[in-house]
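*Asks:* let's see this in three dimensions:
(2 chains)
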Amino acid sequence: MPCIVALIVFGIMGIFSASQRALAKEALDCVFKRVTFRPCNTGFAEKVKGKLIGKVLKRSTFLAKLLNKYYEVFSWIFFILMVGSTIWVLRGGYNFYVYGSCNGLNSSGFCAFDPSGSNNKVTPLGDSETCGTVQKTEKTVTLKNVDLSSFPTKNVGGKDTVVFIGCYACDYSRKAYPDILKLVKNKNANYIFAHYPAKGEVTNSLANAGYCINKDYKEKFWDWNSYLFTTDKNYILDPANLNTMLTKFSFDVQKINECVNSIETKDAVEAEVKELNKTNIYGTPTIFINSKAFVGPKPYRVYRSAINRFIFF
Amino acid sequence: MINTDKIRSDFKIFDGKKVPVYLDSACMSLKPNSVIEAMNGYYYEFPACTNRSPHKLGQKATKKVEEARKNIAKFINANNEKEIIFTRNTTEGINLLVNSFPFEKGDIVLITDKEHNSNLVPWLRLKEKVGIILKIIKGNDDGTFNLENFKKEVLGAKFVSIVHTSNLDGVTNPAKEIIEIAHQNGALVHLDCAQSIAHQKIDVKKLDADFIAFSGHKMMGPTGTGVFYGKQKLLEKLSPFMVGGDTVLSSTYESYEMLEIPEKFEAGLQDYAGIIGLGEAVKYLGKLDYKDIEEHELKLNKYITEELQKFPQIKIIGSADPSLRSGVVNFYIENTDMHKFAIMLDEIAGIAVRSGQHCVHSWFHSKKIYNSLRVSFYVYNTMEEAEVFINSLTKIFKIL
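*Replies:* As a prediction, this is how the structure comes out:
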């Protein structure tokens, strides 16, 4: 058993170090001998055992005695731990590739590949100032029984469906936006955009404006939407700049303003937010790709994997 | 009496905080600073070719190399320096002999039953190639030489090649008697002095040895150096097996004219720095009294032997009498891989000992012993080191 452990350990280390490679070869020879029911005549197993016990003996005779007596047992334990940790690492690597986090979809625990957790950061809903990681389980986030018919939609009839719930004021939504756009374009996916005014009043007016523009101008909404996601945040959030922005797109400023301030629009937007809340959304951006929820700005490969149905687990 | 403190001050390895407990001198002795300085002197001051170069550097290198040859000739009491051939080690010396001596099919060659591979494999090869008859002289159970067996086997033998002091158990064979008996029977004798040269006085004239071979690395000299000695009249009859540069006086496209001894056996450019270092090692050894060395080694050997005998599972290879085992204590435990012990000793207290079959595989196979652990000491080892070894071994036994 120690030979197998040594073979794996030195085999991995041997990728980087020539001296470890020699040990790996010795371990391989030993494993080969053992599986062919011959004694391991390189003395490799004894060398490893001697080195380990010697190191322990320097510190504690009792522990050395214990290690010597139960060497095979300890070897098995370490072997099992090694196999377990290897599986764990592979799982982490897979998760990171397909979900952007070692710990699984939307899980914000520590991940060595993404130590800052940037792939899971969201803007908490209703918080006007802070953006950051909110740990919840994605299983509660769902599109079930959620009516998205009032939201801007394009590529209707596409094979795949992408729902992007984002907020113009949220850095993480802004980060995810270009990737979602690219995904929709590449896959010609059915795309539904839902603006969630995550930062309260400051984002409400943009939600209302978006509602009105979508109602009256349909296709032009998408240009407006892109503009808001790509223009300086402070500028677009300043109500004083709304009319200038509307003018830029040749919208009927007066008409849009009337619409924005109308009770009907407010009610409609509130109804939309209520509808979005049914998804159990806890932060923006939240992206649904064929109903699977991705919370936080994931790398593009994550979205691509989801849409290509590369996710097996 | 050996002053170990003074001797240790000549070795850089004993400076500093992490000083190893070096108990592997039968494999490789440590080198005094003077040897290393002499070698560096060659590389720093006169790194030139010998003999052929007319410039001052070349002349100085030639002078130093020939000085080393003279020192070595004096050290073993050879008739003259022509009898000293530089080799890479004992193995090369024995190969030189085996391949240069005019052996013929049916010639009987005697060796002992505990030869180092250096003095076994070349003869086995010769047996395959030429068809010599190789006979093994069986020793006594305590590792000592069996003269009666030898007397029987030597009849009709052409050549005797035996180890002087065995690296397996440290037992020294009675070379003088062996040579005398062999000569009486018309056989020539080669002594493998690799192990003995550093621990006892070798006087080739007194021994009347025809050939001897030894290595520099076991006698405080550099690695890759060795000496093959032969009586001049015998060396002149040998036909070198390795020829080329430095072995010929002149050559044409059709023929060549060989140099005299020793040059005709020293093909190619030699390890001049090593040879100069070896000369320096011989000088260093020359300052020591061999009786003191033997006395010092016996003191250490006696202590370790007595302590080891307290462990019933330990079996010492060779004689139980430490006075017969020079600076070697080699032991094993039945059905136990001794590598583990060697590694643990190194881990616990930085003790360097040798485990394995010590290049005497044939003996281990015949006795069905897997391997052993060999402790070997020299003039620089102290009683404190011997105690550290015993204490560490005791510690290991406690956990087994």
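
*Asks:* walk me through the domains of the chain.
*Replies:* Looking at chain A here, since you left the chain open. Per automatic domain parsing, the domain ranges recorded for chain A read A:2-69, A:121-307.

*Asks:* ah, I was thinking of chain B
*Replies:* According to automatic domain parsing, the domains of chain B span B:4-23+B:289-399, B:35-286.

*Asks:* nearest to residue B:255, out of the domains of chain A?
*Replies:* When the domains of chain A are ranked by proximity to residue B:255, the top entry is domain A:2-69, at 48.3 Å, counting by C-beta to C-beta. All C-beta atoms are positioned from the backbone trio N, CA, C, and that covers glycine.

*Asks:* and that closest one, what's its mean pLDDT?
*Replies:* In this model, domain A:2-69 has an average pLDDT of 83.

*Asks:* please state the offset of that domain from the chain centre?
*Replies:* Once both centres are worked out by C-alpha atoms, centre = their mean, to the nearest Å, domain A:2-69 turns out to sit 40 Å from its chain's centre.

*Asks:* does chain B sit close to it?
*Replies:* Yes: judged by C-beta under 8 Å from any C-beta of the partner chain, domain A:2-69 and chain B are in contact via A:43, A:46-47, A:49-51, A:53-55, A:57-58, A:61, A:64-65, A:68.

*Asks:* select only the buried ones of these in ChimeraX?
*Replies:* The following ChimeraX command selects only the buried members of the residues of domain A:2-69 next to chain B, with burial defined by 16 or more other C-beta atoms under 10 Å in any protein chain shown:
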select /A:43,46,47,49,50,53,54,57,64,65,68
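
*Asks:* coming back round to it: mean pLDDT lowest for which of the domains of chain A?
*Replies:* Of all those, the minimum mean pLDDT falls on domain A:2-69 (a mean of 83).

*Asks:* so for stretch A:89-103, what gets flagged as buried?
*Replies:* Of the residues in stretch A:89-103, those buried under the neighbour-count criterion (16+ other C-beta under 10 Å) are A:92, A:95, A:96, A:97, A:98, A:99, A:100, A:101, A:102, A:103.

*Asks:* what's the answer for stretch A:185-205, then?
*Replies:* Applying 16+ other C-beta under 10 Å to stretch A:185-205 flags A:187, A:189-199, A:203-205 as buried.

*Asks:* cool, and stretch A:263-276?
*Replies:* So for stretch A:263-276, counting by 16+ other C-beta under 10 Å, buried means A:265, A:268, A:269, A:272, A:273, A:275, A:276.

*Asks:* starting at the chain centroid, how far to it?
*Replies:* Averaging C-alpha coordinates over stretch A:263-276 and over its chain gives two centres that are 29 Å apart (C-alpha atoms, centre = their mean).

*Asks:* dump it to CSV, keeping only the CA atoms.
*Replies:* Below are the C-alpha coordinates for stretch A:263-276, written out as CSV (Å, rounded to 0.1, in the frame of the first residue of the first chain):
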residue,chain,number,x,y,z
ILE,A,263,-49.5,55.4,-11.7
GLU,A,264,-50.0,52.7,-14.2
THR,A,265,-46.3,52.4,-14.9
LYS,A,266,-45.4,52.4,-11.2
ASP,A,267,-48.0,49.7,-10.6
ALA,A,268,-46.7,47.7,-13.6
VAL,A,269,-43.1,48.0,-12.5
GLU,A,270,-44.0,47.1,-8.9
ALA,A,271,-45.9,44.1,-10.3
GLU,A,272,-42.9,43.1,-12.3
VAL,A,273,-40.6,43.3,-9.2
LYS,A,274,-43.2,41.2,-7.3
GLU,A,275,-43.0,38.7,-10.1
LEU,A,276,-39.2,38.7,-10.0
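
*Asks:* and the helices in chain A?
*Replies:* A:2-14, A:18-35, A:44-59, A:61-69, A:71-99, A:171-187, A:201-217, A:220-230, A:233-237, A:242-248, A:253-261, A:263-277, A:300-307 (DSSP state H).

*Asks:* what's the closest non-adjacent residue to the residue in chain A positioned nearest to chain B?
*Replies:* Taking C-beta to the nearest C-beta as the measure, the point where chain A comes nearest chain B is residue A:54, at 2.6 Å. Leaving out its chain neighbours, the residue that sits closest to residue A:54 by C-beta to C-beta, 6 or more residues apart in numbering or on different chains is residue B:347, at 2.6 Å.

*Asks:* residue B:150 too?
*Replies:* Using C-beta to C-beta, 6+ apart and skipping residues adjacent in sequence, the residue nearest residue B:150 is residue B:137, 5.1 Å away.

*Asks:* what's around that neighbour, how many residues?
*Replies:* Neighbours of residue B:137 under the rule other C-beta atoms under 10 Å in any protein chain shown: 24.

*Asks:* so it touches residue B:109, yeah?
*Replies:* No: the pair formed by residue B:137 and residue B:109 falls short of the contact definition of C-beta atoms under 8 Å, at 10.9 Å.

*Asks:* ok, which residues in chain A are in contact with chain B?
*Replies:* For chain A, the contact set with chain B under C-beta under 8 Å from any C-beta comprises A:43, A:46-47, A:49-51, A:53-55, A:57-58, A:61, A:64-65, A:68.

*Asks:* farthest pair in the residues you listed?
*Replies:* A:43 and A:61 (24.3 Å).

*Asks:* just the pLDDT for residue B:246.
*Replies:* Per-residue confidence at residue B:246 stands at 89 (pLDDT).

*Asks:* closest point of the stretch 201-350 of chain B to chain A, which residue?
*Replies:* Of the residues in the stretch 201-350 of chain B, the one nearest chain A is residue B:347, at a distance of 2.6 Å by C-beta to the nearest C-beta.

*Asks:* look at that residue and give its secondary structure.
*Replies:* Here residue B:347 takes the helix state, with states given by DSSP: H, G, I helix; E, B strand; the rest coil.

*Asks:* which residues touch the closest residue to residue B:75 other than its chain neighbours?
*Replies:* Across the structure, with C-beta to C-beta, 6+ apart as the measure, the residue nearest residue B:75 apart from its sequence neighbours is residue B:282 (4.6 Å). Residue B:282 makes contact with B:68, B:71, B:72, B:75, B:219, B:221, according to C-beta atoms under 8 Å, 6 or more residues apart in numbering or on different chains.

*Asks:* distance check, residue B:282 against residue B:153.
*Replies:* Shown here: residue B:282 relative to residue B:153, a distance of 35 Å by C-beta to C-beta, to the nearest Å.
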